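>>> Just need the structure, nothing else, for what follows:
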Amino acid sequence: MATLVSLEEAKAHLNISSGTDDAEILRMVEGITAPIERIVGSVLPASYTERHDGWRPGIALRHRPVQSVTSVTLPGGAVLGVDGYELDGDAGVLTRLSGGREWVWEDGRITVVYTAGMAEVPANVKLAALIVLQHMWKTQRGTSRDARFGGGGEEQWTPGMGFTLPRRALELLGDQVSGIA
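Residues are numbered from 1 along each chain as shown. Below you'll find the model as predicted:
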C-alpha cells in the first residue's frame, strides 16, 4: 500500500532504530492517509470510477487533482474519444467538447474512470503526516499524568487523547483547500 511517508521516515521521526515495532508503525502510517486526504484532497494516486448525470456543460469529479482520464462512457455505452472532452485537472472538471467547442453533456448517466492524486507528496503534507504519526504514537503509549479534581481523588488522563489531528498538523494542511470555490 502506498503511504504518505515511508516506514524509514516514520521511524527516523520517532527516533526508533529497532525493527520491533515496524508492523505497528506501518499500521499507523497507513491509517493517517485517509484523515489527511479528507482535508487536502487526493494525495496518493488512485483510480476512481464515478457516474454523473449529464445535461450540463461540466462534470465536477469528486477527487482532485486529476492526473488523467482513463475513459468516459456516454449513456448507451459509447466511449468518448479524448478529443470529445477537456480536463481541468486541478479543478477536477471535465468539459464536453464538440468540434473543438464547449458543449453540453448528453442527457443520462455518464461514467468516468480516472486517476487522481499528486505526482509527489508535498513537504507540508509529509510533515503533517509525521506530526500526526508522532501524536498517535505518544498517545497510544499512554504518557499519563495525575490530575486532581475537587474531592482529592486521582484520575489518570492522557493529553491529546480526544483528537487524532493535532492543531499544528492542521495548520500545515491549511493552504491545501479541497473542493471548488
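>>> Now do the SS call for the residue minimising distance to the centre of the chain.
Centroid-nearest residue in the chain: residue 37, 1.8 Å away (criterion: C-alpha atoms, centre = their mean). Under DSSP: H, G, I helix; E, B strand; the rest coil, the three-state class of residue 37 is helix.
>>> all strands for the chain, in order.
For the chain, the strands defined by DSSP state E occupy 46-53, 58-60, 66-73, 85-88, 93-98, 101-103, 109-116, 145-149, 153-157.
>>> Compare those strands and say which comes out lowest on pLDDT.
Among those, strand 145-149 has the lowest mean pLDDT, at a mean of 45.
>>> Now the residue nearest to the centre of the chain: closest residue in space that isn't a chain neighbour?
Leaving aside its sequence neighbours, residue 37 sits nearest to residue 43 (C-beta to C-beta, 6 or more residues apart in numbering; 5.6 Å). The way it works is simple: take the backbone N, C-alpha and C, and place the C-beta from them, glycine included.
>>> can you check residue 56 too?
For residue 56, the closest residue by C-beta to C-beta, 6+ apart turns out to be residue 105, at 5.9 Å.
>>> Then residue 83?
Nearest residue to residue 83, sequence neighbours excluded (C-beta to C-beta, 6+ apart): residue 97, at 6.9 Å.
>>> Look up how far residue 125 lies from the one you found.
Using C-beta to C-beta, to the nearest Å, residue 97 is found at 33 Å from residue 125.
>>> now swap in residue 33 and tell me
Applying C-beta to C-beta to residue 33 and residue 125 gives a distance of 10 Å.
>>> out of the two, which sits in the more crowded spot?
Using other C-beta atoms under 10 Å, the more surrounded residue of residue 33 and residue 125 is residue 125, with 22 against 18.
>>> quick one: contacts for the more buried one?
Residue 125 is in contact with 4, 36, 40, 43, 172, 173, 176, counting by C-beta atoms under 8 Å, 6 or more residues apart in numbering.
>>> Would you mind measuring from it to residue 89?
Taking C-beta to C-beta as the measure, residue 125 falls 18 Å from residue 89.
>>> just residue 132 next, same as before
Look at residue 132 and residue 89: by C-beta to C-beta, they are 27 Å apart.
>>> Which one's more surrounded, the two?
residue 132 (27 against 16).
>>> I figured residue 11 hits residue 17, correct?
Yes. Between residue 11 and residue 17 there is a contact under C-beta atoms under 8 Å: 7.1 Å.
>>> Now do the shared contacts for the two.
With C-beta under 8 Å, 6+ apart as the test, residue 11 and residue 17 reach no residue in common.
>>> So between the two, which is more surrounded?
Neighbours were counted for residue 11 and for residue 17 using other C-beta under 10 Å; residue 11 has more, 19 against 8.
>>> ok, that one to residue 39 distance?
Counting by C-beta to C-beta - residue 11 and residue 39 are separated by 25 Å.
>>> Since that was my last question, I'll sign off now.
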